[in-house]
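K.L.:
Fold the following for me, if possible:
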Amino acid sequence: MHHRFAPFTDSIGPSIRCSADCNGMNTFSPDLMHSVCVKIPVLSLSVFLLVSISLCTSATCQPLLPVIINELCGFIDTAGSVSIAPQYLEADRFSEGFAFVKKGEKLSNGTYDIQEVGFTDRAGDFRKVRGFDKIGSFKEGLARVRHPGVGAVSNTKWGYIDTNGRISIKPLFDGAADFSEGLACVEHLRMFLWVVISDSFGYVDHAGRLVIPYEFDQAGDFSEGLANIALAGKKGFIDHTGKMIIQPRFESVRPFSSGLAAVEVEGKWGFINTTGTMVVPPAYDDTRSFHDGLAPVKSSGHWGFIDSAGKIIIREEYSAVSSFSEGLAPVCLDDKWGYIDRNGTLVISPQFDYASGFDHQRAMVVIGDKRGYIDPHGKYVWYPSN
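P.N.:
Below is the predicted model:
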């Protein structure tokens, strides 16, 4: 993912609109998306479409899933029991033990009045956050926040807070991404009045020190020790010291996963290894990263999956797919979503208007404007509701 800030996702499903942060700087991975529970009418259904299950940091931690009950957002456990009572106008997925939420009330004219924003922990304890108009999820113990600035010509600035809501890195940056592998991409704009003179990207550490200077036209998150960057319109990769490991020579790139990265050459996609050697020749109209040993590829308008040697494992017959997770991949046939296994066998028949990837044995599915959760056998643990 490059930050300008406008990330691509590693899912090939419907488009995403972030509600908690529409600046487009979230670190997205397959089916792990922001803004999963929203009852504010101006937001579209796509806000909820790629809901994810919370990622637990403890082996004994049970994931919590956001749901809507009687027009309010709450959380259930994987058995379908309510864990945090519905009380929020908006709720993000859990990340590192916290979920971003908004509190308020519905007005007589049908609109919503946001009164408080902050984080809830897994026990439902709310921590209010003040002074910021945009807040991200916690990554490596820090969440990026935007200070709105004052006055018509005052620039907004981004910084980071800790899990207690205290400022950990002062809002000094024109853009900021989530932390990954100890570093976060930040943006520096040189302005004259409202005119951008230059726009460059570097990286800060957890102390807020600029450890890789502002010298890139675009920059992405670190994955497997490398981050994708852009110079003079071409993309390459650097290491944690800022050293250029793979020279910028590609039109587009995706992050490394399983030792391989998707790259675009003259309009076709293939895969390179960490030395920059092309191991899967660029022959596809589109690709996504490897997960569970397989990568989605697109040819002639249809998606299938290849292995790391470039061999077609599941033939290209789907109009849309998402990456494999926990042995299953969402696929779309005739405008309905179901799931296949690694052999390409349909194990959950296409019946949903959208289906997310599995995490902790649960996946979100959409029917109409209703969302529910299923297990790997296709059995509902939470029937679709809105």
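
K.L.:
Only C-alpha atoms from now on, for both contacts and neighbour counts.
P.N.:
Fine.

K.L.:
Measure how buried Ala262 is and give me the count.
P.N.:
Other residues lying near Ala262 total 24 when counted by other Cα atoms under 10 Å.

K.L.:
Now do the same for the nearest residue to it once chain neighbours are set aside: its pLDDT.
P.N.:
Excluding the flanking residues, the one nearest Ala262 by Cα to Cα, 6 or more residues apart in numbering is Phe271, at 4.4 Å. With respect to pLDDT, Phe271 has a value of 98.

K.L.:
for the one 3 residues further on, same thing?
P.N.:
Confidence per residue is given as pLDDT, and for Thr274 that number is 98.

K.L.:
Ile229 touches Gly220, doesn't it?
P.N.:
Yes - Ile229 lies in contact with Gly220 (Cα atoms under 8 Å); the separation is 6.1 Å.

K.L.:
My guess is the residue nearest to Ala262 contacts Val280. True?
P.N.:
Yes - with contact defined as Cα under 8 Å, Phe271 and Val280 form a contacting pair (4.9 Å).

K.L.:
Of the two, give the one with the bigger neighbour count.
P.N.:
More crowded of Phe271 and Val280, by other Cα under 10 Å: Phe271, with 28 against 22.

K.L.:
Give me the three-state assignment for that one.
P.N.:
For Phe271, the assignment made with DSSP: H, G, I helix; E, B strand; the rest coil gives strand.

K.L.:
I'd like to know how far it sits from Ala261.
P.N.:
Distance, Phe271 to Ala261, by Cα to Cα, to the nearest Å: 5 Å.

K.L.:
And the helices in this structure?
P.N.:
For the chain, the helices defined by DSSP state H cover 46-49.

K.L.:
okay, and the helix or strand of it with the least pLDDT?
P.N.:
Taking mean pLDDT, DSSP states H and E as the measure, the chain has helix 46-49 as its least confident helix or strand, at a mean of 32.

K.L.:
Report the contact partners of Ile69.
P.N.:
Shown in contact with Ile69 (Cα atoms under 8 Å, 6 or more residues apart in numbering): Pro86, Ser385, Asn386.

K.L.:
Roughly how far does it sit from Val204?
P.N.:
Note on Ile69: its distance to Val204, by Cα to Cα, is 41 Å.

K.L.:
I'd like the distance between the closest residue to Phe179 other than its chain neighbours and Ser95.
P.N.:
Distance criterion Cα to Cα, 6+ apart; nearest residue to Phe179, sequence neighbours excluded, is Lys139 at 5.7 Å. For Lys139, the distance to Ser95 (Cα to Cα) stands at 7 Å.

K.L.:
How much space separates Lys235 from Pro281?
P.N.:
Separation of Lys235 from Pro281 (Cα to Cα) stands at 17 Å.

K.L.:
that older thread, for the residue nearest to Ala262, what are its contacts?
P.N.:
So Phe271 contacts Leu260, Ala261, Ala262, Val263, Met278, Val279, Val280, Pro281, Pro282 (Cα under 8 Å, 6+ apart).

K.L.:
Now pLDDT and distance to Asp334 too, for these, in CSV please.
P.N.:
Shown next, in CSV, are the contacts of Phe271 (pLDDT from 0 to 100; distance: Cα to Cα, whole Å):
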residue, pLDDT, distance to Asp334
Leu260, 98, 31
Ala261, 98, 30
Ala262, 98, 28
Val263, 98, 29
Met278, 98, 35
Val279, 98, 33
Val280, 98, 30
Pro281, 98, 30
Pro282, 98, 28
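
K.L.:
Going by distance to Glu326, which of those residues wins?
P.N.:
Proximity of those to Glu326 (Cα to Cα) peaks at Leu260, which lies at 19.7 Å.

K.L.:
That closest one - how many residues pack around it?
P.N.:
By the measure other Cα under 10 Å, the count of residues near Leu260 is 24.

K.L.:
Is it bridged to anything, and to what?
P.N.:
Under DSSP bridges, the beta-bridge partners of Leu260 are Ser257.

K.L.:
With Thr287 instead?
P.N.:
If you apply DSSP bridges, the partners that Thr287 bridges to are Val297.

K.L.:
same thing with Leu346?
P.N.:
Leu346 has the following beta-bridge partners by DSSP bridges: Ile340.

K.L.:
That one and Val366, how far apart?
P.N.:
18 Å.

K.L.:
cool, Met191 as well?
P.N.:
Distance of Met191 to Val366, given as Cα to Cα: 44 Å.

K.L.:
So which of these two has more stuff around it?
P.N.:
Neighbours were counted for Met191 and for Val366 using other Cα under 10 Å; Val366 has more, 22 against 12.

K.L.:
quick one, what contacts that one?
P.N.:
Leu49, Phe352, Asp353, Tyr354, Ala355, Gly372, Pro384.

K.L.:
So the third one sits against Asp334, correct?
P.N.:
Read it as Asp353. No - look at Asp353 against Asp334 with Cα under 8 Å: they stay out of range, at 10.4 Å.
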